[in-house]
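Peer 1: this one's structure only:
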Ligand code: OAD
């Protein structure tokens, strides 16, 4: 089966009502990124960081996957082996049914032990608020998020997927955060690359830019890849 490798960013969840980071009114306009999403910020003020991610979890609970998430799942039934590599910490790809989702920057609904990063816990829907005092399974926990200044352990497996892609797709990312933005460099020469974004970043010549929102762009991509109209 042909491998479709899809790299998604905050833009794919925008139409689900989740704020992006760098658009006008985006999260980083209202919160100093180095306070709430960096390793140093976490060491300085862990309460603030917990509070920030508690708010993100509340917003995520109210959100539903949109047609772009659903159409990526639908391609799995159209002869494509679909791999989603997401910078997003939401779980909307999973809730839309995608079966192979890799999170580069962690997961909002999970926490991990501060003294053992291999111990990762899913938060219960009725206990989504955490503080530095929260103890699970005998461990203090922190958000299961890759903070700025921390390593991105899933990057290497992600590059292996990018190297195997028969078609590579980028959706809704400003391509400014590394190493995620570098994934494109691992795609083999000659492999078709599509980039769906209403306000796309500069990309190398040869990338097919679909200047559209994620849901409109995915409908177009669905047509291109299957020859059919999207039903979602
Ligand atoms: P950004 O906020 O940097 O970029 C959002 C992208 O989505 C922009 O290119 C927008 O044009 C696009 N966009 C906006 N609305 C859209 C829509 N309806 N459909 C499709 N695209 C739309 O978000 P990311 O590139 O994902 O990391 O940011 C990367 C990382 O920076 C995040 O994972 C996060 C952040 O700091 C961490 O916190 C570790």
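Peer 2: Cool, the structure landed. Everything quoted here is computed from the prediction, not taken from an experiment.
Peer 1: Could you use CA atoms for every contact and neighbour count after this?
Peer 2: Fine.
Peer 1: wait, what's in contact with the spatially most central residue of the chain?
Peer 2: Computing the C-alpha centroid of the chain and ranking residues by CA atoms, centre = their mean puts residue 88 first, at 2.2 Å. The contact partners of residue 88, by CA atoms under 8 Å, 6 or more residues apart in numbering, come to 8-10, 103-107.
Peer 1: Test my guess that residue 49 contacts residue 36.
Peer 2: Yes: assessed by CA atoms under 8 Å, residue 49 is found in contact with residue 36 at 4.8 Å.
Peer 1: Now do the shared contacts for those two.
Peer 2: residue 42.
Peer 1: Contacting the ligand as well, which ones from the contacts of residue 88?
Peer 2: 9-10, 105 (CA under 6 Å from any ligand atom).
Peer 1: Can you say which of these are buried?
Peer 2: 9-10, 105 (16 or more other CA atoms under 10 Å).
Peer 1: For my notes, please list these in TSV and give pLDDT and distance to residue 125 for each entry.
Peer 2: Converted to TSV, these look like this (pLDDT from 0 to 100; distance: CA to CA, whole Å):
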residue	pLDDT	distance to residue 125
9	98	24
10	98	23
105	98	21
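Peer 1: how far is the lowest-mean-pLDDT helix or strand in the chain from where the chain is centred?
Peer 2: Every helix and strand in the chain was compared by mean pLDDT, DSSP states H and E; the lowest is helix 27-30, with a mean of 90. Counting by CA atoms, centre = their mean, to the nearest Å, helix 27-30 is centred 18 Å from the centre of its parent chain.
Peer 1: quick revisit: did I read that right, the residue nearest to the centre of the chain in a helix?
Peer 2: No: using DSSP: H, G, I helix; E, B strand; the rest coil, the assignment for residue 88 is coil, not a helix.
Peer 1: Any figure for the gap between the residue sitting furthest away from the middle of the chain and the ligand?
Peer 2: Farthest-out residue of the chain from its mean C-alpha position, per CA atoms, centre = their mean: residue 138, at 29.7 Å. Residue 138 sits at a distance of 27 Å from the ligand (criterion: CA to the nearest ligand atom, to the nearest Å).
Peer 1: rewinding a little: can the helix or strand following the least confident helix or strand of the chain be said to contact the ligand?
Peer 2: Scanning forward in sequence from helix 27-30 by DSSP states H and E, the next helix or strand is helix 33-36. No: if you take CA under 6 Å from any ligand atom as the test, helix 33-36 misses the ligand, and the best it gets is 7.1 Å.
Peer 1: what element comes up after helix 33-36 heading to the C-terminus?
Peer 2: Counting by DSSP H and E, what follows helix 33-36 is helix 39-44.
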